[in-house]
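J.: have a look; sequence and predicted model below, questions after that.
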Amino acid sequence: MHRNAPEITFLALSVSDAAEDVIGVIRAGARGYVTKSISTDDLVDAISRVATGDAVFSPRLAGFVLDAFSGSISVASVDEDLDRLSQREREVMKLIARGYTYKEVAKELFISIKTVETHVSSVLRKLQLSNRHELTKWATDRKLV
C-alpha cells in the first residue's frame, strides 16, 4: 500500500498479535499496529498519534518490529512472498503443506470445501506455484510446516 500511495498514513487494527502479521503490515507501510483488545480511549489516542506522524505499538508488538529490523526474527517471518498472503490463506497453505485434504482443511477451519479451493488457488497464484506439491516444498523450505 505504501509503495502505491506513500502519502497515506494508516494504523492497523487486528485480532492477531503474531510476529509475522505485525511485520507484514509494517512492511506494507502501517505507522502502527494495535490489537482489537485495545480500549476505546487508547484507540482514539493511537489514531491521533499516527495522524500526526508518530508510530504506535503496544510494547510486545514494538519488540517484534525492533527484532525484525535488527535481524533477530527469522527470514520466514519477514518473507515478502509470505507477506502477500492473508492470514486465512496462510492457515490453509500450512494445512495443505502438512498433507491435509481439502475436506480436512474445511473441517479444521470451519469453512466450505469451495472456500478451501478458492484459497488454495489464490495462494498458488500469489506464490507463482503450479500445484500443492510445489506448495508443500515451498512451505517446507521456509520451515513453515
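T.: Yes, it's here.
J.: all helices for this protein, in order.
T.: Read by DSSP state H, the chain holds these helices, from start to end of the chain: 19-27, 40-51, 59-70, 80-83, 87-97, 102-109, 113-127, 132-141.
J.: can I get the third one as CSV, trimmed to CA atoms?
T.: Right, helix 59-70. C-alpha atoms of helix 59-70 as CSV (Å, rounded to 0.1, in the frame of the first residue of the first chain):
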residue,chain,number,x,y,z
PRO,A,59,5.3,-2.8,24.0
ARG,A,60,5.0,-6.5,22.9
LEU,A,61,4.4,-5.6,19.3
ALA,A,62,7.1,-3.0,19.3
GLY,A,63,9.5,-5.7,20.3
PHE,A,64,8.6,-7.7,17.2
VAL,A,65,9.3,-4.7,15.0
LEU,A,66,12.6,-3.9,16.6
ASP,A,67,13.6,-7.6,16.4
ALA,A,68,12.7,-7.8,12.7
PHE,A,69,14.8,-4.8,11.8
SER,A,70,17.7,-5.8,13.9
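J.: now for it, which elements pack on it?
T.: Using 3 or more C-beta pairs under 8 Å, 6 or more residues apart in numbering; DSSP states H and E as the contact criterion, the secondary-structure elements in contact with helix 59-70 are helix 19-27, strand 32-35. All C-beta atoms are positioned from the backbone trio N, CA, C, and that covers glycine.
J.: okay, the residue most central in space within the chain and E117: tell me how far apart.
T.: To find the centre residue of the chain, average its C-alpha atoms and take the closest one (C-alpha atoms, centre = their mean): that gives D21, at 3.5 Å. Counting by C-beta to C-beta, to the nearest Å, the gap from D21 to E117 is 24 Å.
J.: what do you get for G29?
T.: Between G29 and E117 the computed distance is 31 Å (C-beta to C-beta).
J.: what is the burial count for the nearest residue to Y100 once chain neighbours are set aside?
T.: In space, not counting the residues next to it along the chain, Y100 is nearest to E108; the distance is 6.9 Å by C-beta to C-beta, 6 or more residues apart in numbering. Burial of E108 is recorded as 13 neighbouring residues (other C-beta atoms under 10 Å).
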